[in-house]
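A.B. asks: Sharing a model prediction with you, sequence too.
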Amino acid sequence: MTPARHLILGMILTAAAGFIDAVGFIELGGFFISFMSGNTTHGGTALVEGAWPVFRLTLSLVALFFVGSILATLLATSSARWGGAAVSFGVTLGVACSLALTLGGFPPSQTMLVLAAAAGAQNAILPMRGAVRLGATFVTGTLYVAGQDLALALKGKAPPWRWAQHLAVWLGLLGGAILGALLYRFIGIGALALPVAIYAAFTLYHLRAARHA
């Protein structure tokens, strides 16, 4: 089982991921910031239909998400003590840059690429604790493992409530997406200020932990 404290931190990060994905989805008119399976399907369909702008956008989103994951992993593994703070700061900077560029008049097809890189990087902020993947920007595997753990629990082969921890992470993503879409309705792209604050708080959290390590 994952300790409650770490589970809560993971749920907050996953909610932030749902938030920025919802904002990006609306800004881009139906494309994803962190759901690369959906973008890949979009891209494959667009390629066959000859919709080249759609294909380029989906391929760019996938590529930037991939680059973000590489850079974040390099930062996270560069220092056992300061890696988490470095990744958190990088994600904070990426979301803030996306917000600033959008407010500066750059088109979503460019500014949301920065947000996709930040989404890819987010997955390296928290290490896995217990059986639950924490702070991930994708939950398809999480839902599968929740069902798998529930089936095993019914047979007495897994902790009885471990499946609920996986489901809680999924609920975090759902809650974040709802909040992101709701705030976007009222204040537009300015809604990204909330996840910027969340990622900044995680940066401070990691800095404090590193100083006391």
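C.D. replies: Nice, thanks for sending it over. Keep in mind that what you see is a predicted model, and the values were worked out from it rather than measured.
A.B. asks: now the helices for the chain?
C.D. replies: Taking DSSP state H as the criterion, the chain carries its helices at 4-28, 36-49, 52-78, 83-103, 108-122, 140-154, 162-187, 193-211.
A.B. asks: Pull out the buried positions in stretch 67-80.
C.D. replies: Neighbour-count burial for stretch 67-80 flags 68-69, 71-73, 75-76 (criterion: 16 or more other CB atoms under 10 Å). For glycine as for every other residue, the C-beta is placed from the backbone atoms N, C-alpha and C.
A.B. asks: Mind putting those into JSON lines with pLDDT and distance to residue 33?
C.D. replies: What follows is these, written out as JSON lines (pLDDT from 0 to 100; distance: CB to CB, whole Å):
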{"residue": "68", "pLDDT": "97", "distance to residue 33": "10"}
{"residue": "69", "pLDDT": "96", "distance to residue 33": "13"}
{"residue": "71", "pLDDT": "97", "distance to residue 33": "16"}
{"residue": "72", "pLDDT": "95", "distance to residue 33": "15"}
{"residue": "73", "pLDDT": "94", "distance to residue 33": "19"}
{"residue": "75", "pLDDT": "95", "distance to residue 33": "20"}
{"residue": "76", "pLDDT": "92", "distance to residue 33": "20"}
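A.B. asks: of all these, which comes closest to residue 3?
C.D. replies: Compare each of those with residue 3 using CB to CB and the shortest gap goes to residue 76, at 20.1 Å.
A.B. asks: In contact with that closest one: list those residues for me.
C.D. replies: For residue 76, the contact set (CB atoms under 8 Å, 6 or more residues apart in numbering) comprises 83-84, 86-87, 124.
A.B. asks: on that earlier part again, what's the most distant pair in the buried residues of stretch 67-80?
C.D. replies: The two members of the buried residues of stretch 67-80 with the most space between them (CB to CB) are 68 and 76, at 12.0 Å.
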